[in-house]
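Engineer: let's see this in three dimensions:
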Amino acid sequence: MDRTELEEGARKILLTNLRQGVADWNGQEYSFVCPSITGYPFQWFWDSCFHAIALLHLDPDQAKAELRTLMSGALPNGFMPHIIFWEMEKQPDFLSRNIVGQAGDPHYSSTMQPPIIAYAVERVYRATGDEEFREAALPVLVNFYRWLRNTRDPDNDALIAVIQPEEAGTDCSPKYDEALGLTELSNQGFIAALKEIYKAYEPLRGDDQKILAADLFHFEDVLVNSIYAMGMRSLARLLGDSPEADEFNREADRTRDALLEKCWDEEAGAFFDLSGIAEKPVRVVTISSLMPLILDDLPRPIVERLVNDWVSSPDHFWTPYPLPSVPASDPKFMPGNPRGFIWRGPSWINTNWFLSHALRGHGYTELADTIVAKSHECIEISGFREYYHPFTAEGLGARDFGWSTLILDM
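Structural biologist: Purely as a prediction, here's the structure:
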């Protein structure tokens with residue numbers, strides 16, 4: 001499959017998954033790519049950012065429309081939801097099969113996702129030079145990143161917290177097992193544990209500070225905070241020479257320093273999430289433990305430890321089709337797809353996209369090239385799937401999955 005075939009395959013998926021129209025609930029025009037027509041028919045926050053980046057290689061105008069549609073869902077307080085239900089007629093069927101945290105307004109979820117949006121806007125702006133697009137995006141982005149700081153960082157340590165696993169995007173990751181009190185290691189067990197949290201949150205939904213204070217699921221997640229710092233750097237560059245740019249650069253410095261000070265474990269040579277108000281380190285290595293590599297100012301000795309001890313080790317992340325979401329050495333490693341119990345072993349194109357760019361930035365060109373070649377091979381063998389078996393490249397999860405088109409940007 002050469003570049004032309006790859007682009008044709010990606011274009012077909014992005015066009016097939018494209019939803020356009022006018023929402024009957026707010027009269028607003030929308031134009032976005034849904035992750036998968038069958039399983040995920042709405043607009044998802046970080047998927048949309050990934051779609052926009054892939055679209056830059058095919059249709060820059062649609063990349064702008066994607067992010068404009070996403071930003072149009074921002075609430076006045078700055079919050080941006082992780083799902084926007086543009087086509088409400090599809091919602092009952094979806095909610096009969098999925099649980100979504102909602103407060104008051106049925107058109108949105110009341111939860112967030114990893115804050116990659118400023119980076120996506122920066123990429124689209126750099127590619128198109130569209131000043132009007134940048135100007136319209138800036139107030140939305142400034143409000144959103146301030147909302148994250150003011151609402152999701154109650155102890156003001158520059159690490160933002162998530163209130164349930166899906167907010168980090170790594171839903172069933174084994175790092176959450178203890179916090180969820182997961183005894184039955186299956187998707188059913190995960191959903192049952194999640195329902196308990198949702199039940200407790202119900203009277204608090206919409207008040208994130210109260211939810212965080214309840215300390216039921218309070219995770220300072222390394223993946224989320226690495227992306228948060230990356231996003232604030234992008235926002236600072238988009239803001240140019242201004243006091244606001246200084247504000248977000250300062251905050252990005254603080255987040256990087258907090259990741260190093262609170263989450264880095266010298267003995268393990270990996271970053272660990274912090275659980276609860278007490279900030280107990282969760283000593284479980286997952287793909288999140290590697291994510292600070294996306295920060296270009298990560299100290300060199302730490303970069304080398306992560307790469308040598310974990311990324312390039314065949315015992316851990318260097319499987320035939322890297323990088324699995326959990327190292328092969330973990331007793332809970334599940335390389336296949338046991339009925340939707342995800343993020344416990346398969347390799348994902350989005351994390352490969354993050355980490356191949358990161359490794360290239362830190363000078364590991366050969367490793368990055370191999371990750372890209374192996375990701376390409378997965379798509380060649382199994383098509384654009386949600387995730388892949390790290391030993392066989394078998395495609396798993398949803399078919400014709402939007403964010404796997406990120407291969408175009410790798």
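Engineer: so where's this structure shaky on pLDDT?
Structural biologist: 338 (pLDDT under 70).
Engineer: which residue ranges form the strands in it?
Structural biologist: Using DSSP state E, the strands of the chain run over residues 18-22, 29-33, 43-44, 83-84, 219-220, 264-265, 270-271, 274-275, 280-281, 387-388, 395-396.
Engineer: got the contact list for the residue nearest in space to the middle of the chain?
Structural biologist: Centroid check for the chain by C-alpha atoms, centre = their mean gives Pro114 as the closest residue, at 4.5 Å. Residues near Pro114 by C-beta atoms under 8 Å, 6 or more residues apart in numbering: Trp46, Ala168, Gly169, Leu223, Val224, Ile227, Tyr228. Just so you know, the C-beta spots here come from the backbone N, C-alpha and C atoms, and that holds for glycine as well.
Engineer: at 7 Å what do you get?
Structural biologist: Trp46, Ala168, Gly169, Leu223, Val224, Ile227 (C-beta atoms under 7 Å, 6 or more residues apart in numbering).
Engineer: that one and Thr170, how far apart?
Structural biologist: According to C-beta to C-beta, to the nearest Å, Pro114 and Thr170 sit 9 Å apart.
Engineer: overlap of the contact sets of these two?
Structural biologist: Listed as contacting both Pro114 and Thr170 by C-beta under 7 Å, 6+ apart are Leu223.
Engineer: now the top helix by length along the chain: buried residues?
Structural biologist: Using DSSP state H to define each element, the chain has its longest helix at helix 131-152. Applying a neighbour-count criterion of 16 or more other C-beta atoms under 10 Å, one finds 133-134, 137-138, 140-149, 151-152 buried in helix 131-152.
Engineer: what's the closest of the strands of the chain to Ile342?
Structural biologist: strand 387-388 (6.9 Å; C-beta to C-beta).
Engineer: other SSEs contacting the closest one?
Structural biologist: Judged by 3 or more C-beta pairs under 7 Å, 6 or more residues apart in numbering; DSSP states H and E, the packing partners of strand 387-388 are strand 395-396.
Engineer: and the contacts of the strand it packs on?
Structural biologist: So strand 395-396 is contacted by Gly336, Asn337, Pro346, Ser382, Gly383, Arg385, Glu386, Tyr387, Tyr388, His389 (C-beta under 7 Å, 6+ apart).
Engineer: so how far is Ala270 from the closest residue to Ser375 other than its chain neighbours?
Structural biologist: Nearest residue to Ser375, sequence neighbours excluded (C-beta to C-beta, 6 or more residues apart in numbering): Asn352, at 4.9 Å. For Asn352, the distance to Ala270 (C-beta to C-beta) stands at 18 Å.
Engineer: and if you look at Glu166?
Structural biologist: For Glu166 relative to Ala270 (C-beta to C-beta), the value is 23 Å.
Engineer: so between these two, which is more surrounded?
Structural biologist: Neighbours per residue (other C-beta atoms under 10 Å) separate Glu166 from Ala270, with Ala270 holding more: 25 against 21.
Engineer: I'd say that one and Ile287 touch.
Structural biologist: No. Ala270 lies out of contact with Ile287 (C-beta atoms under 7 Å); the separation is 10.9 Å.
Engineer: hmm, back to that, looking at the buried residues of helix 131-152, spot the one nearest Pro35.
Structural biologist: Nearest to Pro35 among the buried residues of helix 131-152, with distances taken as C-beta to C-beta, is Phe144, at 20.9 Å.
Engineer: was I right to think that closest one contacts Leu75?
Structural biologist: No. Using C-beta under 7 Å, Phe144 makes no contact with Leu75, being 9.5 Å away.
Engineer: got the contact list for Ser31?
Structural biologist: Gln20, Ala65, Thr69.
Engineer: spatially nearest residue to it (excluding sequence neighbours)?
Structural biologist: Nearest non-adjacent residue to Ser31, counting by C-beta to C-beta, 6+ apart: Ala65, 4.1 Å away.
Engineer: now that neighbour: how far from Leu18?
Structural biologist: Taking C-beta to C-beta, one finds Ala65 at 9 Å from Leu18.
Engineer: same check on Ala74?
Structural biologist: 22 Å.
Engineer: do the same with Ser96
Structural biologist: As for Ser96, its distance to Leu18 is 25 Å (criterion: C-beta to C-beta).
Engineer: compare neighbour counts for those two and give me the winner.
Structural biologist: Using other C-beta under 10 Å as the criterion, Ser96 and Leu18 rank with Leu18 on top: 19 against 7.
Engineer: can you name the residues bridging to the more buried one?
Structural biologist: Note on Leu18: beta-bridge partners by DSSP bridges are Val33.
Engineer: so it makes contact with Val33?
Structural biologist: Yes. Contact criterion C-beta under 7 Å: Leu18 and Val33 qualify, at 5.4 Å.
Engineer: which two in the contacts of strand 395-396 are spaced the farthest apart?
Structural biologist: Spatially, the most separated pair among the contacts of strand 395-396 is Gly336 and Gly383, at 17.1 Å (C-beta to C-beta).
Engineer: what sits closest to Gln164 if chain neighbours are left out?
Structural biologist: Per C-beta to C-beta, 6+ apart, closest to Gln164 is Phe217, 5.5 Å.
Engineer: now do the same contact list for the one you found.
Structural biologist: Contacts of Phe217 by C-beta under 7 Å, 6+ apart are Ile163, Gln164, Ala179, Ile197.
Engineer: inside helices: which ones of those?
Structural biologist: Of the contacts of Phe217, the ones assigned to helices by DSSP H are Ala179, Ile197.
Engineer: tell me the buried residues within the contacts of Phe217.
Structural biologist: Ile163, Gln164, Ala179, Ile197.
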